[in-house]
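J.: Here you go, sequence then predicted model.
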Amino acid sequence: MTGEYVAAIDQGTTSSRCIIFDRAGEIVSVAQREHRQIFPQPGWVEHDAEEIWANVEQVVRGALEDAGTGPEGLAAVGITNQRETTVVWDRVTGRPVANAIVWQDTRTGPLLRELAHSYGEQRLRERTGLTLATYFAGPKLRWLLDHVDGLRERAERGEVLFGTMDSWLIWKLTGRHVTDVTNASRTMLMDLETLDWNPELLEAMRVPAAMLPEIRSSAEVYGTAEGLLPGVPVASALGDQQAALFGQTCFQPGEAKCTYGTGSFLLLNTGASPVPSSHGLLTTVAYRIDGHPAAYALEGAIAVTGSLVQWLRDNLGVISSAPEVEELARTVDDNGGCYVVPAFSGLFAPHWRSDARGVIAGLTGYITKGHLARAVLEASAWQTREVVDAMNADSDVALRRLRVDGGMTANGLLMQFLADVLDVPVVRSRITETTCLGAAYAAGLAVGFWPDLATLRAQWRSDAQWESTMAPEHRERELRQWRKAVQRTLDWVD
């Protein structure tokens, strides 16, 4: 093995990044570039996969330049990605046949009702660990097959390929058509027990097997990159939330993290066996290191947290930059009785109500933009509380501590309120870019850059911790008010 660094490509919902890490797991350089959000109709969200690849090329070159090295300085590159976003491309030309359908997109609602009738939600949950929701990739693929002229026939002939964004990037880098178990577990097409495509599910979803990638481990060499990174092993792929769990070194059952980005995602490591949820959580693959059994996780997915702050900035103009929300929220002592429930695309965990839409409840003439800003921040904490309650009900061990990462963790007011409503310590990783760190760790393990998990765990450091200071009776009163606000969002879409 040569090279003194490991690179991670993070293909996210709003931007693509490349971060280069040294052997101590410290950041050497970062490059980032945003891509367009395409909204063709209400509830539809798309990305241009070719634009994303062009951005990835730019950020990789930029990160290498800032690090003062070339591809020869890299021991490996890992990939992490927005998980359920779905792209189909021509096997020969490499051109996408349509825009990628993003995980936030809700157009597959009617198809899910059809699947609930023909296949059954409980049966699907037992096979995949997932609930019937517009979130997942398989129904998005089915929609493309049904609505792009001639695509189904081309798919059956093996002329087009399907992938989530990890597969798209690996294919562009190496020409290999693969995915890893974490991303495959988000398609509704993979069996959680066998970790392979399930023929029964493919038939129910009417998806031709010929277009599917090979499912591999999360940490292994998939191939050697050409063009952009000549000679560099492409050695990991992890869905973004699993990558953050890995970067937080939550390798033991009972350890949990929550990432605060566009949405927020709380994952609890449950060990070598999948734990079925009866409280609205997802059962998913946490990671698999080549040659070892898979580790599983319970996940609570919250659709809108950081993007609610963006909405306050871009749609309402209440703030001019995202960090201003904390300063504005600190101008008041509380929310003034105002609650914001951001069910912009329905409610995700633990409710899974696609009929819900966002509300601002409790408005009076007393409410100022400061109260609104505070309610926006508090929404992230209350949504986390709902997921933690579900997780505690499903798991043998109650959550005792929460490791957090992501851009919103820079907001001290939010972190304190989170500790208050959870009534457990909230611990922030010193490196908040744990999604990239997890992809780098997995790639480094695959090529021997780091020898084992114990070495990675020894490198983890926190830089801040928050403890609850809220009186229990106040916490319960506010939780009751939040639950009343959530009820106001339901049954909005017929």
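T.: Everything's here; your move.
J.: By residue count, which helix of the protein is the longest?
T.: helix 369-394 (DSSP state H).
J.: Quick one: name whatever helix or strand follows that one.
T.: strand 402-405 (DSSP states H and E).
J.: Give me the sheet partners of that next one and which way each runs.
T.: Paired neighbours of strand 402-405 in the sheet (DSSP bridges): strand 256-260 (parallel), strand 426-429 (parallel).
J.: Residues contacting that strand, please?
T.: Residues outside strand 402-405 that contact it (C-beta atoms under 8 Å, 6 or more residues apart in numbering): 244, 247-248, 250, 255-260, 266, 388, 415, 418, 422, 424-429, 431-435, 462. C-beta here means a position set from N, CA and C on the backbone, and glycine is covered the same way.
J.: same question, stretch 9-16
T.: Contacts for stretch 9-16 (C-beta under 8 Å, 6+ apart): 17-19, 32-35, 37, 52, 55-56, 59-60, 77-82, 85, 102-104, 165-166, 169, 240, 243, 261-262, 433, 435-436, 439.
J.: Buried by neighbour count, from those residues: which ones?
T.: Neighbour-count burial (16 or more other C-beta atoms under 10 Å) is assigned, among the contacts of stretch 9-16, to 17-19, 32-33, 35, 52, 55-56, 59-60, 77-82, 85, 102-104, 165-166, 169, 240, 243, 261-262, 433, 435-436, 439.
J.: end-to-end on stretch 290-298?
T.: 22 Å (C-alpha to C-alpha, to the nearest Å).
J.: and if you look at stretch 149-167?
T.: For stretch 149-167, the end-to-end distance is 23 Å (C-alpha to C-alpha).
J.: Give me the buried stretch members for it, please.
T.: For stretch 149-167, the neighbour count (16+ other C-beta under 10 Å) marks 151-152, 154-155, 159-167 as buried.
J.: among the residues you listed, which two are most distant?
T.: 152 and 166 (24.1 Å; C-beta to C-beta).
J.: Just the ones of the buried ones among the contacts of stretch 9-16 in strands?
T.: Cross-referencing those against strands under DSSP state E gives 17, 18, 19, 32, 33, 77, 78, 79, 80, 81.
J.: Save those as a markdown table, and put in distance to residue 310 too.
T.: A markdown table is the format used below for these (distance: C-beta to C-beta, whole Å):
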| residue | distance to residue 310 |
| --- | --- |
| 17 | 17 |
| 18 | 23 |
| 19 | 22 |
| 32 | 16 |
| 33 | 17 |
| 77 | 29 |
| 78 | 27 |
| 79 | 25 |
| 80 | 21 |
| 81 | 20 |
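J.: just the helices in the stretch 251-400 of the chain please.
T.: Ranges of helices within the stretch 251-400 of the chain are 306-314, 324-329, 369-394, based on DSSP state H, counting those that start in this stretch.
J.: Spatially nearest residue to residue 336, not counting backbone neighbours?
T.: Excluding the flanking residues, the one nearest residue 336 by C-beta to C-beta, 6 or more residues apart in numbering is residue 371, at 3.8 Å.
J.: start to end distance for stretch 142-154?
T.: 14 Å.
J.: which one of the strands paired with strand 402-405 is the most hemmed in?
T.: strand 256-260 (a mean of 28; mean count of other C-beta atoms under 10 Å).
J.: Just send the strands paired with strand 402-405 back as CSV, with distance to residue 187 too.
T.: As requested, the strands paired with strand 402-405 are exported to CSV (distance: least, C-beta to C-beta, whole Å):
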stretch, distance to residue 187
strand 256-260, 21
strand 426-429, 29
